[in-house]
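A.B. asks: coords below, sequence missing:
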């Protein structure tokens, strides 16, 4: 009889655990759009850079690698902040600056209204290759001296 009581208690606990583990789909957050993921309000930081398939992390000055870019999504207007980080490339430049940004879901084009994000030699649109909660992968054509124009892919991370 003691074994039957233990099995009954075990079955009841298992039932409670199973019911607690189940959740309704209506309790889940709806999937976020690319724009909402980009504009999470969490600072993006340098992850890696490639020209074609060749890693070019070593060509990027260290003073840029600690910069942060924060995109803030708001249906009435998207704003952001670029911060130079602990090591500034030019001490006369401001530590941070504000910008306004837009993102076109259909063309995957990210636009900013400032030169704070400009890359020397960059031309054309900044395209979003992919975005997730942890990674933002961007590409843009950049004219590199001695090499010519290359598609540079930049991966930013939270």
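C.D. replies: Alright, I've got the coordinates. Quantities reported herein were computed from a predicted structural model and do not represent experimental measurements. Numbering: from 1, shown residues only.

A.B. asks: SS state for residue 37?
C.D. replies: Assigned by DSSP: H, G, I helix; E, B strand; the rest coil, the conformation of residue 37 is helix.

A.B. asks: thought it was touching residue 132?
C.D. replies: Yes. The criterion here is CB atoms under 8 Å, and residue 37 meets it with residue 132 at 6.6 Å. Heads up, the C-betas are built off the backbone N, CA and C, glycines and all.

A.B. asks: where in this structure is pLDDT low?
C.D. replies: Under the criterion of pLDDT under 70, the regions of the chain flagged as low confidence span 1-30, 115-118.

A.B. asks: any idea how far the one residue sitting closest to the centre of the chain lies from residue 97?
C.D. replies: Nearest to the mean C-alpha position of the chain, by CA atoms, centre = their mean, lies residue 136 at 3.6 Å. In this structure, residue 136 lies at 19 Å from residue 97, with CB to CB, to the nearest Å as the measure.

A.B. asks: residue 37 and residue 132: which is more packed in?
C.D. replies: In this view residue 37 and residue 132 are compared by other CB atoms under 10 Å, and residue 37 has more residues nearby, 21 against 12.

A.B. asks: hey, what's the closest residue to residue 77 other than its chain neighbours bridged with?
C.D. replies: Using CB to CB, 6 or more residues apart in numbering and skipping residues adjacent in sequence, the residue nearest residue 77 is residue 100, 6.7 Å away. Beta-bridge pairing of residue 100 under DSSP bridges involves residue 79.
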